[in-house]
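**Q** Dropping a prediction and its sequence here:
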Amino acid sequence: MSDLKETMLIGSEGIKKTILHGGTGDIPKFTTGAKVTFHFRTQLCDDERTVIDDSRVVGTPMEIVIGNMFKLDIWEALLSSMRVGEVAEFWCDTIVQQPSEYNRESWALSDEERLKVVPVLHGQGNKLFKQGRYQEAAQKYKEALICIKNVQTKEKAWDVPWLKLEKMANTLTLNYCQCLLRMEEYYEVIEHTTDIINQHPGVAKAYYLRGKAHKEVWNEAEARQDFSRVLDLDPGMKKAVKKELAVLSMRMEEKNQEDKNTYKGMF
């Protein structure tokens, strides 16, 4: 297919696309879990067109898993407009997260090197969490998870190496959820912990964190059910659960009173 000089706006506001070389076939319909491999170069919109990142210089293409909970939304938007083999230039007036911001070096590493960097990132995340820097801590946990998931996709599901990586991933995901709780992202906590529970129904901490998230959004029945399950799995958490249930009861009383006052004013 001959080169095209077509400029168009794609679905996202503030993004302009110019096709430099047409690809082949129809635009792929990406499904959740699909892996896209591509090269990229990121430049500033200055007179010199300064290059700030180039995967070909590094020698390793970038990989993105569509629908991953740690996805980069802007990259998915750009890639979803392209055909196989297409070369395109995108101009974005929005803030685009550069690959280096989620540790591009980690995906450029070998599998062995990725696994070595995981405990380092995990430790950095823990330190940031203790300092109350929850957003930064969450980013470290995400980087570590990306390393694990990249390695895990090459293992056979439910084999010993895969299961070992899955256990590491669950730990990091739960740490990530603790950050989300502090950041008041309660529904995202419910989503991630539910994913873990569906795959591994014996993880008490997943129920505990999901119960805390349900408590914050006044899902009383769901919260009580989760806390009850925590006690079944880990009776040693009785004190922590008792405290959460007391807070839940107080929050529900406050909400019920607020609702009564609201309805009273309507009649």
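**A** Now that the structure is in, tell me what you want to look at.

**Q** So what would you say the end-to-end distance of stretch 145-162 is?
**A** Across its full length, stretch 145-162 reaches 14 Å end to end, with C-alpha to C-alpha, to the nearest Å as the criterion.

**Q** try stretch 28-46
**A** Comparing the first residue of stretch 28-46 with its last one, the separation is 33 Å (C-alpha to C-alpha).

**Q** For that stretch, give me every contacting residue.
**A** 49-56, 61-67, 76, 79-80, 83-84, 91, 96, 98-99, 153 (C-beta atoms under 8 Å, 6 or more residues apart in numbering). C-beta coordinates here come from the backbone N, C-alpha and C atoms, glycine included.

**Q** are any of those buried, and which?
**A** Buried by 16 or more other C-beta atoms under 10 Å: 53, 55, 62, 64, 65, 66, 76, 79, 80, 96, 99, out of the contacts of stretch 28-46.

**Q** rewinding a little: in helices only, show me the contacts of stretch 28-46.
**A** The subset of these located in helices under the criterion DSSP state H comprises 55, 56, 76, 79.

**Q** Spatially, which two of the residues you listed are the most separated?
**A** Using C-beta to C-beta, the pair of those lying farthest apart is 56 and 76, separated by 21.3 Å.

**Q** how much distance is there from stretch 179-196 to the middle of the chain?
**A** For stretch 179-196, the separation from the chain centroid amounts to 11 Å (computed by C-alpha atoms, centre = their mean, to the nearest Å).

**Q** Name the residues that touch it?
**A** The contact list for stretch 179-196 (C-beta under 8 Å, 6+ apart) reads 69, 129, 134-135, 137-138, 141, 170, 173-174, 176-177, 203, 206-207, 209-210, 212-214, 216-217.

**Q** Please identify the buried residues of stretch 31-38?
**A** By 16+ other C-beta under 10 Å, the buried positions in stretch 31-38 come out as residue 36.

**Q** Show the average pLDDT along it.
**A** Per-residue confidence for stretch 31-38 averages out to 78 on the pLDDT scale.

**Q** So residue 244 sits against residue 213, correct?
**A** No - here residue 244 does not reach residue 213: they are 11.1 Å apart, not a contact under C-beta atoms under 8 Å.

**Q** circling back to that earlier point, next step: the contacts of stretch 179-196 restricted to helices.
**A** The subset of these located in helices under the criterion DSSP H comprises 129, 134-135, 137-138, 141, 170, 173-174, 176-177, 206-207, 209-210, 212-214, 216.

**Q** Just the buried ones among these, please.
**A** The neighbour-count criterion (16+ other C-beta under 10 Å) marks 129, 134, 137-138, 141, 170, 173-174, 176-177, 206-207, 209-210, 212-214, 216 among these as buried.

**Q** Residue 220: what's it in contact with?
**A** For residue 220, the residues meeting the contact criterion (C-beta under 8 Å, 6+ apart) are 214, 248, 252.

**Q** worst-scoring helix or strand of the chain, pLDDT-wise?
**A** The least trusted helix or strand in the chain, going by mean pLDDT, DSSP states H and E, turns out to be helix 104-108, with a mean of 51.

**Q** Let me have the buried ones among the contacts of stretch 28-46 in JSON lines, extended by pLDDT and distance to residue 145.
**A** Written out in JSON lines, the entries for those read as follows (pLDDT from 0 to 100; distance: C-beta to C-beta, whole Å):
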{"residue": "53", "pLDDT": "74", "distance to residue 145": "22"}
{"residue": "55", "pLDDT": "77", "distance to residue 145": "21"}
{"residue": "62", "pLDDT": "78", "distance to residue 145": "17"}
{"residue": "64", "pLDDT": "74", "distance to residue 145": "14"}
{"residue": "65", "pLDDT": "70", "distance to residue 145": "11"}
{"residue": "66", "pLDDT": "72", "distance to residue 145": "16"}
{"residue": "76", "pLDDT": "77", "distance to residue 145": "17"}
{"residue": "79", "pLDDT": "85", "distance to residue 145": "21"}
{"residue": "80", "pLDDT": "83", "distance to residue 145": "23"}
{"residue": "96", "pLDDT": "48", "distance to residue 145": "21"}
{"residue": "99", "pLDDT": "44", "distance to residue 145": "16"}
